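K.L.:
A predicted structure for the sequence below; I have some questions about it.
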Amino acid sequence: MDTLLTADFWIGIFKIIWIDVILSGDNAVVIALAARALPPEQQRKAILWGCGFAIALRVALTVVAAQLMQLPLLEILGGCLLLWIGVGLLQGDAPSATSSQAPHCNAGMFTAIRTILLADLVMCLDNVIAVAATAQGDMVLLVFGLALSIPLVLFGSTLMIRLMERFPWIVLVGAALIGWVAGETIVNDQLLLGVSQQYPALKYIAAVCGAALVLAVGQRLKQRQPSATD
């Protein structure tokens, strides 16, 4: 309990919350994209379960974050996974949110939760590294700080869903953001670190290419999908 009363502890909490505010925006976009096609009650469940599992995953990942980031090919694989997720989320715009078929709703909810977990696993690595560095081995500070990030992500994703319903073009922006992060993730891999440090512009080129690839492939595949009225 003495730890909770120290100024250093609360300064650390403030730093972690600030990190989450800055770095959790893209995660909120992924959650919103994954859940937006579900009925409102399914949206809430998918967001709650997805965020809950994602936060637990972050706590576990933070313990081994430094070791994970040193593994070659990890971020290349993660970036490719993000590209696949971004394309899939664009295609997910086709189903109607008013569908009343319960089996399809349940399947859609579990698919949304799975997508949230997979995307968060890749996209939270920068967040995890920053939080682990701030906590400096203090597990109480680490867990408490990450727990406080739950309302932030929940509110952010719920707000994004409402905005996507009102402004459909935000879906394209969100998918492009996932592609952007995917491109950055790939060039940050240990195998490419020397090249990316030698040519700093490569990071932005890869990010733009990732965003363009997700939009192009996602829109192309979406056009090939059968119409909901067929």
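P.N.:
Yep, that arrived.
K.L.:
Pro72 contacts Asn188, correct?
P.N.:
No - Pro72 is beyond contact range of Asn188, at 11.6 Å (criterion: CB atoms under 8 Å). From N, CA and C alone the C-beta is placed, and that goes for glycine too.
K.L.:
which of these two has more neighbours?
P.N.:
Neighbour count, other CB atoms under 10 Å: between Pro72 and Asn188, Asn188 has more, with 19 against 11.
K.L.:
Need the phi and psi values for that one.
P.N.:
phi -90, psi 0 (degrees, to the nearest 10).
K.L.:
What residues does it make contact with?
P.N.:
By CB atoms under 8 Å, 6 or more residues apart in numbering, the residues touching Asn188 are 75, 196, 203.
K.L.:
so which strand or helix has the residue positioned nearest the centre of the chain?
P.N.:
With distances taken as CA atoms, centre = their mean, the residue of the chain nearest its centroid is Asn27 (3.0 Å). Per DSSP states H and E: Asn27 is located in helix 25-35.
K.L.:
which stretch of helix or strand covers Glu184?
P.N.:
helix 169-187.
K.L.:
and Trp84, how many neighbours?
P.N.:
Trp84 is flanked by 16 other residues according to other CB under 10 Å.
K.L.:
low pLDDT regions in the protein?
P.N.:
Low-confidence segments of the chain (pLDDT under 70): 1-5, 17, 19-26, 62-70, 92-107, 122-137, 142, 144-146, 148-150, 226-230.
K.L.:
Could you dump the contacts of Asn188 into a markdown table and include distance to Thr115 and neighbour count?
P.N.:
Output for these, formatted as a markdown table (distance: CB to CB, whole Å; neighbours: other CB atoms under 10 Å):
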| residue | distance to Thr115 | neighbour count |
| --- | --- | --- |
| Glu75 | 19 | 24 |
| Ser196 | 28 | 17 |
| Lys203 | 26 | 17 |
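K.L.:
nearest to Leu141, of those?
P.N.:
Closest approach between the contacts of Asn188 and Leu141, by CB to CB: Glu75, at 26.6 Å.
K.L.:
Does the closest one touch Leu193 like I think?
P.N.:
No - contact criterion CB under 8 Å: Glu75 and Leu193 do not qualify, at 9.4 Å.
K.L.:
Sweet, I'm off.
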